[in-house]
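**Student:** The sequence and its predicted three-dimensional model are supplied below.
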Amino acid sequence: MGSRKNSERSRGCGCSRRTFMVAAGSAALSQTLVTRVAGEEVSGATAVAPAGPASRYVPRVKAAFVRRKGEYGILWPGAVYDGEAALKMYRQQIMAAAREFNMNVDLRPEPIYSPREAYRWFAQAETEDLDGLFLVLLDRQEHAWPTATKAVDSPVPAVIFAPIGAAFTSNTASLAKKDGAFICSTDDFSQAIYGLKMIKAGAKLRETRFIVLQGKERKDIEVAQLGTKLRYIPASTFLELYERTPTSSEIKAIAAEYLDGAERVTGPTREDITNGVKSYVVARTILEREEGDGIAMDCLTALRYTDISLPCIAWSRMLDHGVPAACEADVGACVTHALVQYLFDRPGFQQDPVPDTANDCLIGAHCTCATRLNGFDQPPEPFRMSHHHGMRDAVPVPHWRVGQRVTVASVILGDGRDVPAQMIISAGEVADNIAVPPSGGCVVSVSLRLDGVSDLLDYPGFHQIFFYGDYKKELAAYCRLYGIRAQIV
């Protein structure tokens, strides 16, 4: 039944006879922008977009309702429950979510009414290349929970939704700690819809190809357990293409956009910003040419002793446009960036963790950060333009909203055999934006006060991703669904 679980897999209208197919057209690779430079309108600027296999992949899910045939009578959920109305309502919401998420959902037109029908349904599922199973239990009796158990024990991720009246703890206890499943016992169907989104995210993450500019060798490898693809190309590719790239009207237009949009500019010149934007255009060209969904670079090694602009603006702009972009060729950060974007539709901030013992805060410091922290379709946070901490190049420094709830996440890769992947997860709120200077270190320095964490000297991991919103519970659910060990801090 596909190769999707653990080592095997790395938020009404009518439907066709057996398959509800969503095949919305893929987003265009880029869109034309119009900007003004020195009072003149300059067109032809293009926005970057993922161009790899994940951008074209449509996740496939097999879905069904489960109940006994006939009247509920005295058995739970009881005769008081309008199962037909519930079925109609949930069907409409499933279809709407499938359209929104661009997923192929094969939704059985009639509920699974018996163990024999369940057997046939699972037998058919085993012949299909699926990314997930999705069951809505409209019954607590007879074959309902045995059918749910078969889904949980299948080799693909399974989402089980049981509205109030369809589950006792005696039904859920044996499944509660099993990997590969997300069990929702609630009347809030948005939790089940998030389950669908997790299946989409897991499938997209598996199909994602990162272009990694590092070293001298060209090679393609796969991240154990998660399936994410890594295409390594020589770092010199970036340098060579940068030298051949002219300072076009598009580059000048984007530089003007940063200058006009910044609250203030402290340090970098127009030329610095223009050179940084050239790095963005170079990275975009490489992403498109290599058919990548995300990008990473060992920038400190490759560019430290050159006059070529570090890709701080480039990565910030990539992240603002929904392209995962990781610093220092950190594969764990690549995966975490992508997962945050797929699950929560917003960029994250990869950072170096700094303990603040006086204020019991964790400071995240780096020199590249997205500005559209509220979401890709939302306005940017106010930002200033600064030098990189090495007093070179140009960096957008967004102001993180004090009091804003924030999640911290970091995927720690496993070996795909004995050591499973892990995820460090915390939540808290923005305490401050650290001014650099007079403080030292990276110029984007955000201070978080984490829930229940006071000793930050040994906070685990490095290059964790900060992002807006409190999603600790949702990330823990994703970990359970995909066999990742969650470390809640």
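**Tutor:** Yep, that arrived.
**Student:** which residues in the stretch 201-350 of the chain form strands?
**Tutor:** Along the stretch 201-350 of the chain, counting by DSSP state E, counting those that start in this stretch, strands occupy 209-213, 219-222, 229-233, 265-266, 294-297, 325-327, 349-350.
**Student:** gap between the third one and the chain center?
**Tutor:** By that I understand strand 229-233. Centroid separation between strand 229-233 and its chain, computed with C-alpha atoms, centre = their mean, to the nearest Å, is 19 Å.
**Student:** pLDDT below threshold where in this structure?
**Tutor:** Confidence mapping of the chain against pLDDT under 70 gives the ranges 1-45.
**Student:** circling back: dump the strands of the stretch 201-350 of the chain to CSV, plus distance to Pro437.
**Tutor:** Any C-beta I mention is one placed from the backbone N, CA and C, and that applies to glycine too. Output for the strands of the stretch 201-350 of the chain, formatted as CSV (distance: least, C-beta to C-beta, whole Å):
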stretch, distance to Pro437
strand 209-213, 30
strand 219-222, 41
strand 229-233, 36
strand 265-266, 10
strand 294-297, 26
strand 325-327, 21
strand 349-350, 20
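**Student:** Export these to JSON lines and append columns for distance to Ala477 and mean neighbour count.
**Tutor:** JSON lines is the format used below for the strands of the stretch 201-350 of the chain (distance: least, C-beta to C-beta, whole Å; neighbours: other C-beta atoms under 10 Å):
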{"stretch": "strand 209-213", "distance to Ala477": "25", "mean neighbour count": "26"}
{"stretch": "strand 219-222", "distance to Ala477": "25", "mean neighbour count": "12"}
{"stretch": "strand 229-233", "distance to Ala477": "25", "mean neighbour count": "21"}
{"stretch": "strand 265-266", "distance to Ala477": "42", "mean neighbour count": "14"}
{"stretch": "strand 294-297", "distance to Ala477": "23", "mean neighbour count": "27"}
{"stretch": "strand 325-327", "distance to Ala477": "24", "mean neighbour count": "27"}
{"stretch": "strand 349-350", "distance to Ala477": "23", "mean neighbour count": "28"}
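**Student:** The ones you listed: which one's closest to Gly180?
**Tutor:** Nearest to Gly180, of all the strands of the stretch 201-350 of the chain, is strand 219-222, at 20.3 Å by C-beta to C-beta.
**Student:** Could you list the paired strands of the closest one along with their orientation?
**Tutor:** strand 229-233 (antiparallel) (DSSP bridges).
**Student:** Longest strand in this protein, please.
**Tutor:** For the chain, the strand reaching the highest residue count under DSSP state E is reported as strand 422-433.
**Student:** for the residue nearest to His388 when sequence neighbours are not counted, what are its contacts?
**Tutor:** Of all residues not flanking His388 in the chain, Cys367 sits nearest, at 4.8 Å (C-beta to C-beta, 6 or more residues apart in numbering). Contacts for Cys367 (C-beta atoms under 8 Å, 6 or more residues apart in numbering) come out as 310, 312, 388-389, 395, 442-444.
**Student:** show me where the protein has helices.
**Tutor:** With helices called from DSSP state H, the chain shows them at 53-56, 83-101, 115-126, 144-152, 169-172, 190-207, 236-244, 249-261, 270-289, 299-303, 312-320, 331-344, 472-481.
**Student:** Make a markdown table out of these and add mean neighbour count.
**Tutor:** Conversion of the helices of the chain to a markdown table gives the following (neighbours: other C-beta atoms under 10 Å):
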| stretch | mean neighbour count |
| --- | --- |
| helix 53-56 | 18 |
| helix 83-101 | 17 |
| helix 115-126 | 15 |
| helix 144-152 | 21 |
| helix 169-172 | 12 |
| helix 190-207 | 23 |
| helix 236-244 | 15 |
| helix 249-261 | 19 |
| helix 270-289 | 22 |
| helix 299-303 | 19 |
| helix 312-320 | 28 |
| helix 331-344 | 25 |
| helix 472-481 | 21 |
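**Student:** Tabulate the ones you listed in TSV, adding columns for distance to Ile74.
**Tutor:** Listed next are these as TSV, based on distance: least, C-beta to C-beta, whole Å:
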stretch	distance to Ile74
helix 53-56	50
helix 83-101	15
helix 115-126	21
helix 144-152	16
helix 169-172	18
helix 190-207	27
helix 236-244	70
helix 249-261	65
helix 270-289	61
helix 299-303	68
helix 312-320	56
helix 331-344	42
helix 472-481	34
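**Student:** nearest to Phe65, of these?
**Tutor:** With C-beta to C-beta as the criterion, Phe65 lies closest to helix 83-101 of the helices of the chain, at 5.7 Å.
**Student:** how far off helix 190-207 does that closest one point, in degrees?
**Tutor:** Orientation of helix 83-101 against helix 190-207 (axes from the mean of the first three to the mean of the last three C-alpha atoms, to 10 degrees) gives an angle of 30 degrees.
**Student:** How far does helix 83-101 sit from its chain's centre?
**Tutor:** With C-alpha atoms, centre = their mean as the basis, helix 83-101 stands 24 Å off its chain's centre.
**Student:** Kindly report the same for stretch 333-352.
**Tutor:** Its chain's C-alpha centre and that of stretch 333-352 lie 5 Å apart, by C-alpha atoms, centre = their mean.
**Student:** start to end distance for that stretch?
**Tutor:** Stretch 333-352 has its terminal residues 11 Å apart, counting by C-alpha to C-alpha, to the nearest Å.
**Student:** Please apply the same query to stretch 259-275.
**Tutor:** Taking C-alpha to C-alpha, the first and last residues of stretch 259-275 lie 13 Å apart.
**Student:** Stretch 47-67 too?
**Tutor:** Terminal residues of stretch 47-67 lie 48 Å apart, using C-alpha to C-alpha.
**Student:** got the buried residues for it?
**Tutor:** Within stretch 47-67, the residues that count as buried by 16 or more other C-beta atoms under 10 Å are 47-55, 57-67.
**Student:** among the residues you listed, which are in strands?
**Tutor:** Filtering the buried residues of stretch 47-67 for strands - DSSP E - leaves 60-66.
**Student:** could these be laid out in CSV, adding distance to Ser236?
**Tutor:** Formatted as CSV, these follow (distance: C-beta to C-beta, whole Å):
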residue, distance to Ser236
Arg60, 40
Val61, 43
Lys62, 47
Ala63, 49
Ala64, 53
Phe65, 57
Val66, 57
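**Student:** Which one of the residues you listed is nearest to Glu288?
**Tutor:** Distance to Glu288, by C-beta to C-beta, is smallest for Arg60 among these, at 26.7 Å.
**Student:** isn't that closest one right up against Asp131?
**Tutor:** Yes: using C-beta atoms under 8 Å, Arg60 is in contact with Asp131, at 5.3 Å.
**Student:** Give me the common contacts of those two.
**Tutor:** In contact with both Arg60 and Asp131: Ala203, using C-beta under 8 Å, 6+ apart.
**Student:** returning to that earlier point: CA-only coordinates of the longest strand of the chain in PDB, if you can.
**Tutor:** Output of strand 422-433 as PDB, limited to C-alpha atoms (Å, rounded to 0.1, in the frame of the first residue of the first chain):
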ATOM      1  CA  GLN A 422      13.400  13.600  16.300                       C
ATOM      2  CA  MET A 423      11.800  17.100  16.600                       C
ATOM      3  CA  ILE A 424      12.600  19.600  19.300                       C
ATOM      4  CA  ILE A 425       9.400  21.600  20.100                       C
ATOM      5  CA  SER A 426       8.800  24.600  22.300                       C
ATOM      6  CA  ALA A 427       6.300  27.500  22.400                       C
ATOM      7  CA  GLY A 428       6.400  30.900  24.000                       C
ATOM      8  CA  GLU A 429       6.200  34.600  23.100                       C
ATOM      9  CA  VAL A 430       8.400  37.400  21.800                       C
ATOM     10  CA  ALA A 431       9.900  39.200  24.700                       C
ATOM     11  CA  ASP A 432      12.100  41.700  22.800                       C
ATOM     12  CA  ASN A 433      14.100  42.600  19.700                       C
END
